[in-house]
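Trainee: Structure for the following, please:
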Amino acid sequence: MSFIEKAWQNNSTWLWLLWPLSVIFRLLSGLRRWLFNVGLLASERLSIPVIIVGNISVGGNGKTPVVIAIAEYLQAQGYQPGVLSRGYGGTCTDFPHLLTPACSADLVGDEPALMQGRLGIPVVIDPDRVRGGKLLAQTCDVIICDDGLQHYRLQRDIEIVVMDERRLGNGQLLPMGPLREGAWRLSSIDYLIVNNSIARTEQEVEMQLIPGKVCSFASSETTSVPDSFSTAIAAIGNPKRFFQYLSDNGFTIESTQAFPDHHRYQPEDLDTQATIIMTEKDAVKCKAFASENWFYLPVSARFNKDFLVRLERSLLALIRNNN
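Mentor: Predicted coordinates for the structure are as follows:
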């Protein structure tokens with residue numbers, strides 16, 4: 001956890017020094033949204049439905065597992081979904097970029113690489129969401145955006161916000177707090193998913209990240225998995241959650257090491273002789289130089305309240321109204 005994140009979490013008094021900057025941020029972001037709402041800044045609607053999975057705070061909240069779960073469910077119902085991502089953390093400069101299995105996480109970003117590997121459906125990265133969405137619309141019948149809630153140039157049909165146990169933090173906008181938009185924004189979304197937290201209202205959807213079986217880099221099989229590991233590593237938004245899960249479920253971990261979110265691993269970062277366990281998001285960045293004694297833990301999102309069924313009903317209603 002960074003210095004500023006600790007300050008947000010503890011609501012440190014010195015953060016009031018940043019209050020003037022937060023006021024400026026509020027004014028500029030509010031003006032930008034208003035300009036889109038009244039049409040002075042142009043937005044564009046695509047030919048197929050767009051589902052946004054985003055958040056109003058910075059940091060990892062569990063969006064990517066939600067995108068994967070929605071895509072898998074819609075695939076099973078006969079849809080042809082595509083995933084649209086900014087490709088944050090990648091070095092790619094050729095946009096829009098349609099991922100292939102050969103694309104490295106260094107090129108396209110760790111989350112897009114993970115989603116392409118898990119789903120096997122079209123995944124496009126492009127900082128220009130409208131341009132990337134148009135490419136997906138050529139072969140897909142619904143687009144799921146990983147992040148992009150504040151990318152108002154792309155019109156959307158369904159908005160989903162994911163929030164973890166930190167909720168709104170200290171409730172302040174950047175940089176005084178972690179919020180990209182104020183809590184008022186939650187009144188205009190379609191679904192609020194709370195990750196690793198108890199629902200406080202009837203409208204909230206509870207989500208748990210359910211770990212799968214530990215996989216080996218050697219064969220992706222789950223055989224001969226050790227009971228103890230030299231090191232657990234994570235370069236995700238909330239690494240403490242991963243380390244705590246390992247501890248709660250009986251894994252013996254001698255040490256932990258948290259890297260910055262989206263960290264681009266180098267071989268010298270890790271000990272090839274150590275028995276290491278990491279997240280699946282880390283694994284896509286380490287597979288090119290992984291040792292046989294390294295392992296990773298995939299996770300899947302599980303929801304309550306028949307969320308996926310209700311989401312498909314919303315999607316069907318959109319399709320009927322557009323026909």
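
Trainee: Residue 150 touches residue 180, doesn't it?
Mentor: Yes - counting by CB atoms under 8 Å, residue 150 does reach residue 180; the two are 5.8 Å apart. For every residue, glycine as well, the C-beta is placed using N, CA and C.

Trainee: hey, what's in contact with both of those two?
Mentor: With contacts taken as CB atoms under 8 Å, 6 or more residues apart in numbering, residue 150 and residue 180 have residue 29 as neighbours in common.

Trainee: Break down the chain into its strands, ranges please.
Mentor: Here the chain has its strands, by DSSP state E, at 50-54, 81-85, 97-98, 123-125, 142-146, 158-163, 191-195, 204-211, 215-216, 228-234, 252-258, 276-279, 294-297, 299-303.

Trainee: what does the average pLDDT come to for the fifth one?
Mentor: It refers to strand 142-146. In this model, strand 142-146 has an average pLDDT of 98.

Trainee: List the contacts of it.
Mentor: Taking CB under 8 Å, 6+ apart as the rule, strand 142-146 contacts 46, 48-54, 63-64, 67, 70-71, 74, 79-86, 111-112, 115, 129, 133, 136-137, 151, 154, 156, 315.

Trainee: Between strand 81-85 and that strand, find me the angle.
Mentor: Strand 142-146 and strand 81-85 are oriented at 30 degrees to each other (axes from the mean of the first three to the mean of the last three CA atoms, to 10 degrees).

Trainee: Quick one: low-confidence residue ranges for this protein.
Mentor: Where the chain drops to pLDDT under 70, the residues are 1, 219-223, 323.

Trainee: Walking through it, point out its helices one by one.
Mentor: Listed in chain order, the helices of the chain (DSSP state H) span 3-10, 19-38, 63-76, 105-108, 110-119, 129-137, 239-248, 280-286, 307-322.

Trainee: so which of the ones you listed gets nearest residue 257?
Mentor: Taking CB to CB, helix 239-248 is the member of the helices of the chain nearest to residue 257, at 8.7 Å.

Trainee: Check which helices and strands that closest one sits against.
Mentor: Judged by 3 or more CB pairs under 8 Å, 6 or more residues apart in numbering; DSSP states H and E, helix 239-248 is in contact with strand 228-234, strand 252-258.

Trainee: so which of the ones you listed is the most packed in?
Mentor: Each of the helices and strands packed on helix 239-248 was scored by mean neighbour count; the highest is strand 228-234, a mean of 21, by mean count of other CB atoms under 10 Å.

Trainee: give me the beta-bridge partners of the closest residue to residue 198 other than its chain neighbours?
Mentor: Excluding the flanking residues, the one nearest residue 198 by CB to CB, 6 or more residues apart in numbering is residue 206, at 6.9 Å. When bridges are called by DSSP bridges, residue 206 pairs up with residue 194.

Trainee: wouldn't residue 206 be in contact with residue 301 here?
Mentor: No - taking CB under 8 Å as the definition, residue 206 is not a contact partner of residue 301, at 10.7 Å.

Trainee: Compare these two (neighbour count), which wins?
Mentor: Between residue 206 and residue 301, residue 301 has the larger neighbour count (other CB atoms under 10 Å), namely 23 against 16.

Trainee: Spit out the contact partners of that one.
Mentor: 62, 65, 66, 68, 69, 207, 208, 209, 210 are the contacts of residue 301 under CB under 8 Å, 6+ apart.

Trainee: Show me the contact partners of stretch 184-198.
Mentor: Contact with stretch 184-198 is made by 56, 61-62, 66, 158-165, 167, 200, 203-209, 241, 303, 307, 311, 314, as judged by CB under 8 Å, 6+ apart.
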